[in-house]
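Participant: Predicted structure and sequence below. I'll ask about it afterward.
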Protein chains: 2
Amino acid sequence: MHKADLLVVEDDPALARLVSYNLEKQGYMVRHAADGEAALEYVRQRRPDLILLDWMLPGISGLEVCRRLREQARTAALPIIMFSARGEEADAIRGLDTGADDYLVKPFSMDALFARVKAILRRAPPADKTLRFDTLVMDRVSHKVERDGRLLSLGPTEYRLLEFLMLHPAQVFSREELLKHAWERSSFVELRTVDVHIRRLRQTLNEGGGVDLIRTVRARGYALDKVQDQD
Amino acid sequence: MHKADLLVVEDDPALARLVSYNLEKQGYMVRHAADGEAALEYVRQRRPDLILLDWMLPGISGLEVCRRLREQARTAALPIIMFSARGEEADAIRGLDTGADDYLVKPFSMDALFARVKAILRRAPPADKTLRFDTLVMDRVSHKVERDGRLLSLGPTEYRLLEFLMLHPAQVFSREELLKHAWERSSFVELRTVDVHIRRLRQTLNEGGGVDLIRTVRARGYALDKVQDQD
DNA sequence: ATGTGGGTCATAAAACATTCACAAAGCGGT
DNA sequence: ACCGCTTTGTGAATGTTTTATGACCCACAT
């Protein structure tokens, strides 16, 4: 089991470096984003276990980043530690209101940082890197999926689709919702395209035999579900 | 398990000899560099487990050496103990900010030195000298890599790349992450350059036959992995 | 100068996404 | 049970994106 993934969002290169190196030394995988835009983009692709977020950022403010993360179900519970300069303490409080889990007033010692990080991660242990449903196992770190121990080979879109479904098992999603959650933003895609990817996903999932794990709900959409056909 | 490798960076020959001699008597492998230039050069080739670094050095200052070491992912976590003369204590503190792990005020007793060294090494135990993955073996001391006993000849960049991958086997990394961790900082390199080095690495790794140990994950990146192609 | 290694580019080769047309299946009403 | 309408499944064609590869140039060290 390796340590948690962190994302440091900080525009001051010196501070970013200092924090990153020290956290890396503690064994964390550290990623860095220089502004809110980059941070949101990163989170879209790969969700870290904890975000260290500066309050003052060029462009989208830290508060705004925080708010947007809270808005999406996928990142709503993502722990956030905010940095604020002395004198912005009131802001820090507002940050907490907005959903930050803790905050540090700059300048802070590395030990204080470590303590906060450890505390938060203890409280909210790193999200499962491994999703399971029935005999399906998805390892999001190595990016591998297997069923009954058989390794499956999924294309990028099928992977994202399955990932989303495994995060919400047994729940029915319309094609629109699936497009919204499992596709890159800003792509205008025909609704029926979802059908095709569902089909390919089914194909791959079932290639070793076994019941179909995707349930079609007529006029509604699809769900990841283990339902035998009626006998 | 042999004792740790230390590097003493000290321009005063008398002090250098004193420190080296005593540490050797404790069973450490001690190397000596007389200035920052030499120290950086040494570290480039052979990474010690701990650096004892004088603050005042001819040419590149100790602080600068420290900073440069922190800049490179390969040495970012390398423990450093700094020496500073009395009166430079403020500097020593700054040294800590820069990333030194501990410091000693000159003159210091050998016992104080031993205590610090032991403490630091306990906190950050010497890195693995030998990395293994499947039949791949990387000896980080002699800087040699072999597969199935066959010695491979890797360029510096391929070596760092492989080293990073072997430290995180089976994990998928984006090109950006690979650039961040296996390249010198401050070099602005095209993302696609990673492809080229991955290819060169593959070429060398596979020259004796055997499965490809690098898995391409479309739209994500690469991973060191042992996955047979589907039959 | 000569060799080695790193970076970049152009192009080839894969892998993949999307759409469409048609078949198949479900569903409600009769 | 039958019909017609709607929705979903499927195969194939097509265009796009991403990766692999080979060649070239440059910098640096021998």
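Facilitator: Good, I have the coordinates.

Participant: A:Asp54 - how many residues pack around it?
Facilitator: 25 (other Cβ atoms under 10 Å in any protein chain shown). (Glycine included, C-beta is placed from N, CA and C.)

Participant: Enumerate the residues of chain A near DNA strand C.
Facilitator: A:155-158, A:183, A:187-190, A:192-193, A:196-197, A:200, A:218 (Cβ under 7 Å from any atom of the strand).

Participant: Most widely separated two among the residues you listed?
Facilitator: A:Pro156 and A:Arg218 (28.1 Å; Cβ to Cβ).

Participant: ok, which residues in chain A are in contact with DNA strand D?
Facilitator: Counting by Cβ under 7 Å from any atom of the strand, chain A sits next to DNA strand D at A:Arg192, A:Asp195, A:Val196, A:Ile198, A:Arg199, A:Arg202, A:Thr216, A:Val217, A:Arg218, A:Ala219, A:Arg220, A:Gly221.

Participant: among these, which are in strands?
Facilitator: Under the assignment DSSP state E, those contribute A:Thr216, A:Val217, A:Gly221 to strands.

Participant: could you measure the closest residue to the first one other than its chain neighbours against DNA strand C, distance?
Facilitator: Spatially, and ignoring its direct neighbours in sequence, A:Thr216 is nearest to A:Tyr222 (5.9 Å; Cβ to Cβ, 6 or more residues apart in numbering or on different chains). Using Cβ to the nearest atom of the strand, to the nearest Å, we find A:Tyr222 at a distance of 14 Å from DNA strand C.

Participant: Any idea what A:Tyr222 is bridged to?
Facilitator: A:Phe173, A:Thr216 (DSSP bridges).

Participant: what's around it, how many residues?
Facilitator: Count around A:Tyr222 with other Cβ under 10 Å applied: 23.

Participant: Same question for A:Asp35.
Facilitator: A:Asp35, neighbours per other Cβ under 10 Å, totals 19.

Participant: Then A:Val141?
Facilitator: For A:Val141, using other Cβ under 10 Å, the count is 16.

Participant: Give me the three-state assignment for it.
Facilitator: Three-state assignment for A:Val141 (DSSP: H, G, I helix; E, B strand; the rest coil): coil.

Participant: right, and it touches B:Pro169 too?
Facilitator: No - taking contacts as Cβ atoms under 8 Å, A:Val141 lies outside contact range of B:Pro169: 10.6 Å.

Participant: where does chain A have its least confident helix or strand?
Facilitator: One helix or strand of chain A scores below all others by mean pLDDT, DSSP states H and E: helix A:89-98, with a mean of 62.

Participant: In chain A, which residue sits closest to DNA strand D?
Facilitator: Here the residue of chain A nearest DNA strand D is A:Thr216; by Cβ to the nearest atom of the strand that distance is 3.7 Å.

Participant: Can you give me the end-to-end span of stretch A:141-148?
Facilitator: Stretch A:141-148 has an end-to-end distance of 19 Å (Cα to Cα, to the nearest Å).

Participant: What are the contacting residues of that stretch?
Facilitator: A:2, A:129, A:135-139, A:151-152, A:154, A:159, A:162, A:205, A:208, A:210, B:170-172, B:217, B:220, B:223, B:225 (Cβ atoms under 8 Å, 6 or more residues apart in numbering or on different chains).

Participant: Considering only the residues of chain A next to DNA strand C, which also neighbour chain B?
Facilitator: The subset of those within reach of chain B, by Cβ under 8 Å from any Cβ of the partner chain, is A:Gly155, A:Pro156.

Participant: Which among the residues of chain A next to DNA strand C count as buried?
Facilitator: Applying 16 or more other Cβ atoms under 10 Å in any protein chain shown to the residues of chain A next to DNA strand C, the neighbour count classes A:Thr157, A:Glu158, A:Trp183, A:His197 as buried.

Participant: Tell me the one of those residues nearest A:Leu15?
Facilitator: A:Trp183 (35.5 Å).

Participant: Identify the spatial nearest neighbour of that closest one, chain neighbours not counted.
Facilitator: A:Val189 (6.3 Å).

Participant: And that neighbour, what's its pLDDT?
Facilitator: pLDDT, A:Val189: 92.

Participant: Confirm for me that it is in contact with A:Glu176.
Facilitator: No - when contacts are counted by Cβ under 8 Å, A:Val189 is not listed as touching A:Glu176 (10.4 Å).

Participant: tally of neighbours for the residue of chain A closest to DNA strand D?
Facilitator: A:Thr216 - counted by other Cβ under 10 Å - has 15 other residues nearby.

Participant: Show me what stretch A:192-207 is in contact with.
Facilitator: Counting by Cβ under 8 Å, 6+ apart, A:136, A:147, A:152-155, A:157-158, A:161-162, A:175, A:178-179, A:212-214, A:222 sit against stretch A:192-207.

Participant: Are any of the residues you listed buried, and if so which?
Facilitator: If we count by 16+ other Cβ under 10 Å, the contacts of stretch A:192-207 have these buried: A:136, A:147, A:152, A:154, A:157-158, A:161-162, A:175, A:178-179, A:213-214, A:222.

Participant: Just put those in JSON lines and tack on distance to A:Pro13.
Facilitator: Shown next, in JSON lines, are these (distance: Cβ to Cβ, whole Å):
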{"residue": "A:Leu136", "distance to A:Pro13": "43"}
{"residue": "A:Arg147", "distance to A:Pro13": "45"}
{"residue": "A:Leu152", "distance to A:Pro13": "42"}
{"residue": "A:Leu154", "distance to A:Pro13": "38"}
{"residue": "A:Thr157", "distance to A:Pro13": "36"}
{"residue": "A:Glu158", "distance to A:Pro13": "39"}
{"residue": "A:Leu161", "distance to A:Pro13": "38"}
{"residue": "A:Leu162", "distance to A:Pro13": "38"}
{"residue": "A:Arg175", "distance to A:Pro13": "44"}
{"residue": "A:Leu178", "distance to A:Pro13": "39"}
{"residue": "A:Leu179", "distance to A:Pro13": "38"}
{"residue": "A:Leu213", "distance to A:Pro13": "47"}
{"residue": "A:Ile214", "distance to A:Pro13": "47"}
{"residue": "A:Tyr222", "distance to A:Pro13": "45"}
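
Participant: Send me stretch A:54-70 as PDB with only the CA atoms.
Facilitator: Only the C-alpha atoms of stretch A:54-70 are listed here, as PDB (Å, rounded to 0.1, in the frame of the first residue of the first chain):
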ATOM      1  CA  ASP A  54      -3.700  28.500  -1.600                       C
ATOM      2  CA  TRP A  55      -6.300  31.100  -0.900                       C
ATOM      3  CA  MET A  56      -4.800  33.700  -3.200                       C
ATOM      4  CA  LEU A  57      -4.500  32.400  -6.700                       C
ATOM      5  CA  PRO A  58      -4.200  34.100 -10.100                       C
ATOM      6  CA  GLY A  59      -7.500  33.700 -12.000                       C
ATOM      7  CA  ILE A  60     -10.000  31.500 -10.100                       C
ATOM      8  CA  SER A  61      -9.600  32.000  -6.400                       C
ATOM      9  CA  GLY A  62      -8.900  29.200  -4.000                       C
ATOM     10  CA  LEU A  63     -12.300  29.800  -2.500                       C
ATOM     11  CA  GLU A  64     -13.900  29.400  -5.900                       C
ATOM     12  CA  VAL A  65     -11.900  26.200  -6.600                       C
ATOM     13  CA  CYS A  66     -13.100  24.900  -3.300                       C
ATOM     14  CA  ARG A  67     -16.700  25.700  -4.100                       C
ATOM     15  CA  ARG A  68     -16.600  24.100  -7.500                       C
ATOM     16  CA  LEU A  69     -15.000  20.900  -6.100                       C
ATOM     17  CA  ARG A  70     -17.800  20.700  -3.600                       C
END
